[in-house]
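Student: prediction below, plus the sequence it came from.
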Amino acid sequence: MRRFAEQVLVITGSATGIGAATALRFAAEGANVACLDINEADNDATAASAGAEGVETMALKCDVRSSEDQQAAFDRVMEAWGRIDVLVACAGVYVGGPLPEIPLDRWEDIVAVNLTGVLISNSLAAPVMTAQARGSIINIASMAAKTSWPYSAEYSGTKSGVVGITRSAAMELGPHGITVNAVCAGNTLTDMVRKVAGEVGATVGMTAAEWLDMRANDTAVKRLARPEEIAGVVAFLASDDARYLTGQAIEVDGGLILS
């Protein structure tokens with residue numbers, strides 16, 4: 001099924017994990033894909049894999065903390081394809097630690113990536129989609145936007161902010177035919193989560209594998225997500241089936257919040 005034939009996807013954080021899986025999902029469904037990431041080697045690989053689906057792709061080095069980088073990337077997309085139908089703001093990082101030990105520069109950096117980067121992406125996509133009178137924006141938040149644990153104030157704070165941006169943008173852009181939603185992903189088997197497992201597990205005397213098992217047992221389904229499962233929900237939110245769904249922060253967490 002090629003639901004996005006002749007459409008254009010712009011995705012940040014596309015080099016690995018959920019972002020890479022999402023780029024491949026949209027390519028498989030016919031979208032031309034612009035991959036924006038600071039990690040050039042893996043981002044090039046994502047774009048090449050997406051192109052194997054018979055669509056056009058481009059890999060653009062982009063630091064989402066920089067409005068200049070993002071503007072240049074969006075300009076390249078418009079020069080090449082003349083439209084943006086879907087924005088997926090996926091770029092994000094995780095850091096954490098005891099509240100009294102959070103250095104200001106680390107806080108400012110995670111805000112710049114996880115929150116400011118999303119705001120910039122949304123603000124650049126908005127006028128393009130408004131001119132088209134149609135579009136879909138999906139911001140990747142986290143279940144940490146709705147619940148949290150000790151030592152995660154920085155991450156939870158930024159992801160809660162993503163939900164706030166999403167809700168306001170949905171109200172502002174809805175009259176122009178644009179839907180804006182957030183995906184609050186649960187723990188997903190990505191390189192970032194495996195790194196977190198090692199770091200956070202060590203603080204509580206657990207191996208990375210033990211920490212991941214504990215997080216899996218926190219869910220109703222007793223396992224962690226695969227990146228492709230998050231990508232499937234993102235694709236639904238960008239599809240015609242979701243045109244009356246906006247301003248939502250959808251939990252894709254295996255029932256973690258419930259349990």
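Tutor: Looks like it arrived, so ask away. Source: prediction; values computed, not measured. Numbering: from 1, shown residues only.
Student: tell me if I'm right that Asp218 and Leu256 touch.
Tutor: Yes - between Asp218 and Leu256 a contact is recorded at 5.6 Å, counting by CB atoms under 8 Å. Using the backbone N, CA and C atoms, a C-beta is placed for each residue, glycine as well.
Student: looking at the two, which one has more neighbours?
Tutor: Higher neighbour count among Asp218 and Leu256: Leu256, with 22 against 17, using other CB atoms under 10 Å.
Student: and the more buried one, which of the three is it?
Tutor: State at Leu256, reduced to three classes by DSSP: H, G, I helix; E, B strand; the rest coil: coil.
Student: with Ala220 instead?
Tutor: coil.
Student: next: Asn139.
Tutor: Asn139 ends up strand, using three-state DSSP.
Student: quick one: it from Gly164, how far?
Tutor: Distance of Asn139 to Gly164, given as CB to CB, to the nearest Å: 10 Å.
Student: please identify which of the two sits among more neighbours.
Tutor: Applying other CB under 10 Å to Asn139 and Gly164 shows that Asn139 carries more neighbours, namely 27 against 14.
Student: the more buried one pairs with what?
Tutor: Applying DSSP bridges to Asn139 yields these beta-bridge partners: Ala89, Ala182.
Student: report the contact partners of it.
Tutor: 88-89, 118, 122, 162, 165-166, 180-183 (CB atoms under 8 Å, 6 or more residues apart in numbering).
Student: pLDDT score assigned to it?
Tutor: On pLDDT, Asn139 comes in at 98.
Student: same question, Ser259
Tutor: At Ser259, pLDDT is 68.
Student: now do Ala208
Tutor: For Ala208, pLDDT reads 89.
Student: give me the number of residues near it?
Tutor: 17.
Student: can you check Val183 too?
Tutor: 28.
Student: surely it touches Ala145?
Tutor: No - applying CB under 8 Å as the test, Val183 and Ala145 come out as separate, 10.2 Å apart.
Student: show me the strands in the stretch 1-150 of the chain, by range?
Tutor: With DSSP state E, counting those that start in this stretch as the criterion, the stretch 1-150 of the chain has strands at 8-12, 32-37, 57-61, 86-89, 135-140.
Student: next one: the following helix or strand past the last one to chain centre, how far?
Tutor: Scanning forward in sequence from strand 135-140, with DSSP states H and E defining helices and strands, the next element found is helix 153-173. Distance, stretch centre to chain centre, for helix 153-173: 12 Å (CA atoms, centre = their mean, to the nearest Å).
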